[in-house]
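1. only geometry, no sequence info:
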């Protein structure tokens, strides 16, 4: 896997296919593997670039001084510069959509389309803000994700009747995270994500083709939030039936189809 050194850290990314470049941003607590079905489908027609978020996958710890989603967006713009890519589309899920919105705002002349999936760029509702920050405090103190927290966190990512293989894989992955990784990356990123400011105003200023996608059963980012963002972007919202937060893995064929249809209508041949 190729890597880019930024801030004395190695950012790992995947680079597949040829054609118009697509930059894919994955969910918090996942990595590029979350996009595997889409990489296979999209790379037949496009160049697909999928970085691992700091402290996730094969990327090293969150750089010191990173405090905002704009900091993340600047890093992915640096990746585009490194690859000598002038124009690109962004497809972001969860935190990938949050920093993707920031990137589209700071690179207006370069980002030609935006897909926001199972994400919300407004403020975190107060109830979940308090809940998630309490989780971060407990994880930081313990240096691990205790079993009672695992049992709360894992179901948030999937539909009400999830595929046991997906929940087991995520549970095992989260249980194996080191204290260093949790304290240096996972916890500070969580606070960055769930303490984010309201950035819905950025959507109102955008004049690019856009699409909002939401899993029908997404618990942390329900369809109502997606509807609000679609209104501000003046674009369509697609609801993915029988899917939760990680619709890319729960309904891969449906997601592949809707992305290919949108991109075919939007990007240069």
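-> Received, thanks. Keep in mind it's a predicted model, so treat the numbers as computed, not measured.

2. mind checking which helix or strand residue 99 is in?
-> Using DSSP states H and E, residue 99 sits in helix 95-106.

3. residue 146 against residue 138, yeah?
-> Yes: contact between residue 146 and residue 138 holds when scored by Cβ atoms under 8 Å: they sit 7.0 Å apart. In this view, the C-beta of every residue, glycine as well, is placed from N, C-alpha and C.

4. which stretches in the stretch 151-269 of the chain count as helices?
-> Remark: helices assigned in the stretch 151-269 of the chain by DSSP state H, counting those that start in this stretch are 164-175, 179-181, 187-194, 200-204, 223-233, 247-250, 252-266.

5. buried stuff in stretch 92-107?
-> Judged by neighbour count (16 or more other Cβ atoms under 10 Å), stretch 92-107 contains these buried residues: 92-105, 107.

6. please apply the same query to stretch 202-212.
-> Here stretch 202-212 shows 202-203, 206, 209-212 as buried, counting by 16+ other Cβ under 10 Å.

7. just stretch 236-256 next, same as before
-> Quick answer for stretch 236-256 (16+ other Cβ under 10 Å): 237-240, 243-252, 254-256.

8. can you give me the end-to-end span of it?
-> With Cα to Cα, to the nearest Å as the measure, stretch 236-256 spans 17 Å from end to end.

9. what mean pLDDT does it have?
-> Mean pLDDT, computed over stretch 236-256, is 98.

10. and stretch 74-82, by the same measure?
-> 98.

11. stretch 145-153 now?
-> For stretch 145-153, mean pLDDT rounds to 96.

12. distance between it and the chain's centre?
-> Stretch 145-153 sits 21 Å away from the centroid of its parent chain (Cα atoms, centre = their mean, to the nearest Å).

13. again with stretch 147-158
-> The chain centroid and the centroid of stretch 147-158 are separated by 18 Å, computed with Cα atoms, centre = their mean.

14. state the pLDDT value of residue 269.
-> Taking residue 269 on its own, its pLDDT is 61.

15. switch to numbering from 529
-> In the new count, where the first residue is 529, that last one comes out as residue 797.

16. next SSE downstream of the helix holding residue 627?
-> Next helix or strand after helix 623-634 toward the C-terminus (DSSP H and E): strand 639-645.

17. between helix 780-794 and that next one, find me the angle.
-> Here strand 639-645 runs at an angle of 150 degrees relative to helix 780-794 (axes from the mean of the first three to the mean of the last three Cα atoms, to 10 degrees).

18. pull out the buried positions in the helix or strand just after strand 639-645.
-> Going down the chain from strand 639-645, the next helix or strand is helix 654-670, by DSSP H and E. Neighbour counts using 16+ other Cβ under 10 Å place 660-661, 663-664, 667-668 of helix 654-670 among the buried residues.

19. return the most buried member of the helices of the stretch 679-797 of the chain.
-> When the helices of the stretch 679-797 of the chain are scored by mean count of other Cβ atoms under 10 Å, the highest mean neighbour count falls to helix 775-778 (a mean of 26).

20. re the thing from before, can you say which two of the buried residues of stretch 620-635 are spatially most distant?
-> Based on Cβ to Cβ, the longest span within the buried residues of stretch 620-635 runs between 622 and 635 and measures 20.4 Å.

21. list the contacts of the residue nearest the centre of the chain.
-> Residue closest to the average C-alpha location in the chain (Cα atoms, centre = their mean): residue 624, at 2.4 Å. Neighbouring residues of residue 624 by Cβ atoms under 8 Å, 6 or more residues apart in numbering: 552-555, 581, 645, 647.

22. top of those by number of neighbours, please.
-> If you count neighbours using other Cβ atoms under 10 Å, the busiest of the contacts of residue 624 is residue 645, which has 31 neighbours.
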